[in-house]
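**Student:** Coordinates only, no sequence provided:
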């Protein structure tokens, strides 16, 4: 489906009051066309309509006309960590792939700040952690995995017990 056709469907969703479907379509479109600034701005508008200022700030971050309090909310939600801000923008390619000078400059600024914090070169396509996150984040992830495994084991034991009752 073309971008224009998807945007027409988004408009129809919004006319019907189906904001969730419009948001879903736009998020999918941003994922497939991350360099399309118009789609990002449309997604920001939907989040703005819903009152989600953090997400509105995220998706309008590269826009020429943006609401600074929303951008500030997004940066605050990222802990003001430039690496998290950079990753959250979900940009692909290079800064020069942006279609406006404003977006190119903002991408360069975010990347420079993220590289300074990370102490190494970063690119827009790399995923994962690039800075020294706190040790407790690793422990939290391991703890969640262990809890999930425990629930799975207890479920199997419970199922076997129930089956034995009926035998």
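**Tutor:** Received it, and whenever you're ready, just let me know what you need. Computed from a predicted model, the values in this text were never measured in an experiment. Residues are numbered from 1 along each chain as shown.
**Student:** CA atoms for contacts and neighbours, from now on please.
**Tutor:** Will do.
**Student:** Give me the contacts around stretch 96-110.
**Tutor:** 35, 37, 62, 63, 64, 82, 83, 85, 86, 95 (Cα atoms under 8 Å, 6 or more residues apart in numbering).
**Student:** ignore the last one, stretch 17-28
**Tutor:** Everything outside stretch 17-28 that qualifies as a contact, by Cα under 8 Å, 6+ apart, is 6-7, 9-11, 13-14, 39-40, 42-43, 46-47.
**Student:** Return the member of these nearest to residue 123.
**Tutor:** residue 40 (20.1 Å; Cα to Cα).
**Student:** Could you check how many residues crowd around the closest one?
**Tutor:** 25 (other Cα atoms under 10 Å).
**Student:** I'd like to know the average pLDDT value across stretch 30-49.
**Tutor:** When pLDDT is averaged along stretch 30-49, the result is 94.
**Student:** Give me the three-state assignment for residue 49.
**Tutor:** Three-state call for residue 49 (DSSP: H, G, I helix; E, B strand; the rest coil): helix.
**Student:** quick one: the helices in this structure?
**Tutor:** In order along the chain, the chain carries the following helices (DSSP state H): 3-16, 19-32, 37-50, 53-59, 68-77, 82-88, 101-118, 135-165.
**Student:** JSON lines for the ones you listed, including distance to residue 124?
**Tutor:** Shown next, in JSON lines, are the helices of the chain (distance: least, Cα to Cα, whole Å):
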{"stretch": "helix 3-16", "distance to residue 124": "23"}
{"stretch": "helix 19-32", "distance to residue 124": "14"}
{"stretch": "helix 37-50", "distance to residue 124": "16"}
{"stretch": "helix 53-59", "distance to residue 124": "15"}
{"stretch": "helix 68-77", "distance to residue 124": "18"}
{"stretch": "helix 82-88", "distance to residue 124": "7"}
{"stretch": "helix 101-118", "distance to residue 124": "8"}
{"stretch": "helix 135-165", "distance to residue 124": "23"}
